[in-house]
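[1] test case, fold it:
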Amino acid sequence: MNAPTGPAGRTTVPAANRGDSAPPAPRRRTMRAIVQAGYGSADVLHLAEIGRPAAGDGEVLLRVHAAGLDRGTWHLMAGQPYLIRLASGLRAPNNPVPGLDVAGTVVAVGADVAGFAVGEEVFGIGHGSFAEYACARPDKLVRKPAGLTFARAAVVAVSGLTALQGLRDAGRVRPGQHVLITGASGGVGTFAVQIAKALGAQVTGVCSTAKTDLVSSIGADHVLDYTRDDVADGSQRYDLILDIGGNSPLSRLRRALTPAGTLVIVGGEDGGRWTGMSRQLRALALSPFTRQRLTTFVSRQRRADLETLAQLIEAGRLTPVIGKTYPLHHAPDAMRDLLAGHARGKLVLTMTDAG
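    Okay, here's the model as predicted:
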């Protein structure tokens, strides 16, 4: 069929086929995000359409594909213990969009950013990752391993860093040591079991009856069911105990340690509303008066350690465990499930229709 002609016999190209006649659709300047106006339960979270952030100097803008949930994000949402409000905002969060763990694609880089380019797939820690777009500092991001899904990548940073630093730095784990990990089926615990094995330890994981199969499947040499087994019965003593979010008395945990063993307390939900660290403080006060080393630590967001986690994943020695995924607008339900403690591994929000 002949093409239609215009004046003076010039060929007329239909508008749909001309590259310079139809202007591109304007870029959407807003995004969907989970926001909170104040502190409280998961009921303070709701979906809203807000302005899309821009990459500032020294920042990277990500199109978020998935975001992980962790207890730290819950504490920031609830504003408890109250001590954290000194940094997050006294009456309401300084950043109304929650979320730290993130995996996505770089869509813009700010001034003074080196090492990342538009289009690269990354994971790490961002600002307000419960949204379709989020900013992050380049020193808190690494490239996503090619074989790792965005959902799995999104749960690595916060919990993986805590597990790695708790075992390697605070715990000073060595090959051949016997390591006990309480809360082994949770977010930090599933990373800790695998990292301890990668570091050459003999690992015993503690969890509930329904999750013993999970802990065994990720490499634990032994699994104890806390509803039936007593870790402090004297049948086994451990060189290192990583107590994750537990509430066991120090005296009980010390009975499970070797005479010169190390106890590392990771978090804890019985520390009171003000500091959240009552057991940690008692442990630090007691440690100088015993051969046993009783300690705690604050996880650091270091790029070098994110690279270590990525290398373990690429080598097949670490697999992020996902218990359940939720669409973005179900973030309140995800947070309630996290608080209930029923999760096997990590929980994930996905932005399946992010534009």
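
[2] show me what contacts residue 299?
    The contact partners of residue 299, by Cβ atoms under 8 Å, 6 or more residues apart in numbering, come to 158, 161, 162, 165, 166. (Glycine included, C-beta is placed from N, CA and C.)

[3] am I right that it sits in a strand?
    No: using DSSP: H, G, I helix; E, B strand; the rest coil, the assignment for residue 299 is coil, not a strand.

[4] how about it: what's its closest non-neighbour residue?
    Spatial nearest neighbour of residue 299, excluding adjacent residues (Cβ to Cβ, 6 or more residues apart in numbering): residue 162 at 4.5 Å.

[5] on that earlier part again, widest-spaced pair of the contacts of residue 299?
    The most widely separated members of those, counting by Cβ to Cβ, are 158 and 166 (12.4 Å).

[6] between these two, tell me which one has more neighbours.
    The neighbour comparison of residue 158 against residue 166 (other Cβ atoms under 10 Å) goes to residue 166, with 29 against 25.

[7] next one: that one from residue 307, what distance?
    18 Å (Cβ to Cβ, to the nearest Å).

[8] kindly report the same for residue 284.
    Relative to residue 307, residue 284 is positioned 30 Å away (Cβ to Cβ).

[9] which residues of the protein score low on pLDDT?
    For the chain, applying pLDDT under 70 flags the ranges 1-27, 80-81, 268-276, 353-355.

[10] for the stretch 51-200 of the chain, which segments count as strands?
    Shown for the stretch 51-200 of the chain, the strands assigned by DSSP state E, counting those that start in this stretch span residues 60-68, 101-109, 121-125, 133-136, 141-143, 178-182.

[11] and the helices in this structure?
    According to DSSP state H, the chain carries its helices in the segments 71-78, 85-88, 150-153, 157-165, 187-198, 212-217, 250-255, 278-286, 303-314, 331-340.

[12] ok, residue 40 - contacts?
    77, 78, 79.

[13] residue 239 too?
    By Cβ under 8 Å, 6+ apart, the residues touching residue 239 are 174, 177, 178, 179, 257, 258, 261, 262.

[14] what is the most widely separated pair among the residues you listed?
    Maximum pairwise distance among these (Cβ to Cβ): 15.3 Å, between 174 and 257.

[15] when these two are compared, which one has more neighbours?
    residue 257 (22 against 12).

[16] residue 161 contacts residue 306, correct?
    Yes: in this structure, residue 161 is within contact of residue 306 by Cβ atoms under 8 Å, at 7.1 Å.

[17] neighbours of the nearest residue to residue 336 once chain neighbours are set aside, how many?
    Distances taken as Cβ to Cβ, 6+ apart place residue 42 nearest to residue 336, at 4.9 Å, with adjacent residues excluded. Close neighbours of residue 42, defined as other Cβ under 10 Å, add up to 18.

[18] now stretch 297-310, how far from the centre of its chain.
    Its chain's C-alpha centre and that of stretch 297-310 lie 11 Å apart, by Cα atoms, centre = their mean, to the nearest Å.

[19] also stretch 280-298?
    Centroid separation for stretch 280-298 versus its chain: 26 Å, with Cα atoms, centre = their mean.
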